[in-house]
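A.B. asks: With the sequence up front, the predicted model follows.
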Amino acid sequence: MKHIKKDVLFLCQFFYPEYNSSATLPFDTAKYLASHGFTVDGLVGYPKEYSTDKHLPLEETVDGIGIKRIKYMQLGRVGTFSRLINYFSFTFHALLYTSYLKNYRAVIVYSNPPVLPIVSLRAKKKYGTKLVFVAYDVYPEVAYASQSLTSNSVISKVMNWINKRLYSAVDCVVALTDEMKDFLLEHRTELSPDRIVTIANWAHEKESKPDHEAYVRFGYKDGQFIVSYFGNMGTCQDVETMMEAAELLKEDGRVRFLIVGHGNKKDTVEARIREKNLSNVQLLDFLTGKDFQQAVAVSSCCIVSLERGLKGTCAPSKYYSYLQGGQPVLAVVEKDSYLAKEVEDERIGHSIKIGDGEGLKNAIITMVENPEECRIMGARAKELYKNRYAYEVAMDKYGKMMGELLRKRRVAE
């Protein structure tokens, strides 16, 4: 009797029930495919840092997705060394499951961790499995720009070795932006234009409206102007510009800053608040669910930031949550990046040069003093999200991509 393969396996380090975007986005995609006629499973890491549930089964079925969890060494993500240990430990343990991948017609693998695609490459070579690679970040370039890796290091050479084989063999690459697509086509000569598609991320939280309860929850008064930052504060994010603006606005009683998240720069932010006595800044740990929804709702505008040199290599996931929430955007990014251009072209906020704390302060004051224009910017942001970045838009693209890929496979068989 001929063995019948399932359609799709999601191979990623983070997955349900973890709450970081690297987990929720693949799970959203898997749920959509499973509800639209695809047979779907996940081979994923065992949750730890990003989950409140510490006693999950190694195998379970959720929303029609068969989930198999792999236990591996997890040292936290406070430094480069710890992250590398996590990456290689998960990849090593996933390699032990290579034969498991023969049960699937296609594997969707993610760039986090950047060495993980080696598992799906082995499966493609041995079993002819179709391979889809989702580039959340472009390695090793993003690591070079953030100075967490040097080009002559052993890890860099390993990543480049994997990349050469990956982009030669992959059936389809998903880039998050057209800017990333162009970057990959320029720097991955093994990749052809017909094997890459742009599918942006989306907001994975419910939309919430501001109310008195939300303001009380975060200690603000109704109508205060709240400048918020959500997400990672790591090597790829510029936090200095934001902190300089907060210091310059220290005596302006109209403006408050809400900074929410984690990362290796969080201690720096906390120290700056303490040393400069920035009573206008509230720093909170990562928020999820209703807490996050309320925090976005009470915000008057939101900051998205990237360090220099990252153009084309990554796309901040919280940007889409800001748009969905109808929040004007303050983009502290390189001036010729897609974020700067989109914010300015769509008139949904202001772009500010990295390191220009005075410019960020001035943009905030402009919003404070022009509340109607600020409201209109927020309305434009919500409309942009609906038309370009909504969950349904992305899922339709994923569904078409996988349907076409698997139909091609049926013809070949």
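C.D. replies: The structure has been received and is ready for your questions.

A.B. asks: Which positions within stretch 373-380 qualify as buried?
C.D. replies: Cys374, Met377, Gly378, Arg380 (16 or more other Cβ atoms under 10 Å). Using the backbone N, CA and C atoms, a C-beta is placed for each residue, glycine as well.

A.B. asks: ah, wrong one, I meant stretch 50-58
C.D. replies: In stretch 50-58, counting by 16+ other Cβ under 10 Å, buried: Tyr50, Ser51.

A.B. asks: Could you list which residues are in contact with Ala169?
C.D. replies: Shown in contact with Ala169 (Cβ atoms under 8 Å, 6 or more residues apart in numbering): Leu121, Lys124, Lys125, Leu131.

A.B. asks: Can you verify my assumption that the second one contacts Ile118?
C.D. replies: So the one you mean is Lys124. No. In this structure, Lys124 is not within contact of Ile118 by Cβ atoms under 8 Å, at 10.7 Å.

A.B. asks: Now restrict the contacts of Ala169 to buried residues only.
C.D. replies: Looks like the contacts of Ala169 have Leu121, Lys124, Leu131 buried, using 16+ other Cβ under 10 Å.

A.B. asks: In helices only, show me those.
C.D. replies: Judged by DSSP state H, the subset of the buried ones among the contacts of Ala169 located in helices is Leu121, Lys124.

A.B. asks: Ramachandran coordinates for Leu405?
C.D. replies: Here is the backbone geometry of Leu405 (degrees, to the nearest 10): phi -60, psi -40.

A.B. asks: Report the central residue of the protein.
C.D. replies: Ser317 (3.9 Å; Cα atoms, centre = their mean).

A.B. asks: Distance check, Met367 against Leu278.
C.D. replies: 20 Å (Cβ to Cβ, to the nearest Å).

A.B. asks: So which of those two has more stuff around it?
C.D. replies: Met367 (22 against 18; other Cβ atoms under 10 Å).

A.B. asks: My reading is that the more buried one lies in a helix. Confirm?
C.D. replies: Yes. According to DSSP: H, G, I helix; E, B strand; the rest coil, Met367 belongs to a helix.

A.B. asks: Report the buried residues of stretch 232-248.
C.D. replies: In stretch 232-248, counting by 16+ other Cβ under 10 Å, buried: 232-248.

A.B. asks: Filter the residues you listed down to the ones in strands?
C.D. replies: Asn232 (DSSP state E).

A.B. asks: Just the ones in helices from the buried residues of stretch 232-248, please.
C.D. replies: In this view, the buried residues of stretch 232-248 that belong to helices under DSSP H are Glu240, Thr241, Met242, Met243, Glu244, Ala245, Ala246, Glu247, Leu248.

A.B. asks: hang on, the third one packs against Leu283?
C.D. replies: To tie it back to what came earlier, the one meant is Met242. No. In this structure, Met242 is not within contact of Leu283 by Cβ under 8 Å, at 11.5 Å.

A.B. asks: Can you pull the domain assignment for this structure?
C.D. replies: 6-202+390-412, 212-388 (automatic domain parsing).

A.B. asks: Redo the ones you listed as TSV? Include mean pLDDT.
C.D. replies: Listed next are the domains of the chain as TSV, based on pLDDT from 0 to 100:
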stretch	mean pLDDT
domain 6-202+390-412	92
domain 212-388	95
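
A.B. asks: ok so, going back, which neighbours do Met242 and Leu283 have in common?
C.D. replies: Counting by Cβ under 8 Å, 6+ apart, the residues touching both Met242 and Leu283 are Ile259.

A.B. asks: Leu56 is in what secondary structure piece?
C.D. replies: Using DSSP states H and E, Leu56 falls within no helix or strand.

A.B. asks: swap in Ala106?
C.D. replies: strand 104-110.

A.B. asks: Now do the contacts for Arg165.
C.D. replies: Arg165 neighbours (Cβ under 8 Å, 6+ apart): Leu121.

A.B. asks: try 10 Å
C.D. replies: Pro117, Ile118, Leu121, Lys124, Lys125, Glu190 (Cβ atoms under 10 Å, 6 or more residues apart in numbering).

A.B. asks: Could you check how many residues crowd around the nearest residue to Ala214 once chain neighbours are set aside?
C.D. replies: Excluding its sequence neighbours, the residue lying closest to Ala214 (Cβ to Cβ, 6 or more residues apart in numbering) is Gln294, at 3.9 Å. Neighbourhood size, Gln294 [other Cβ under 10 Å]: 21.

A.B. asks: and Gln294, what element?
C.D. replies: helix 289-298.
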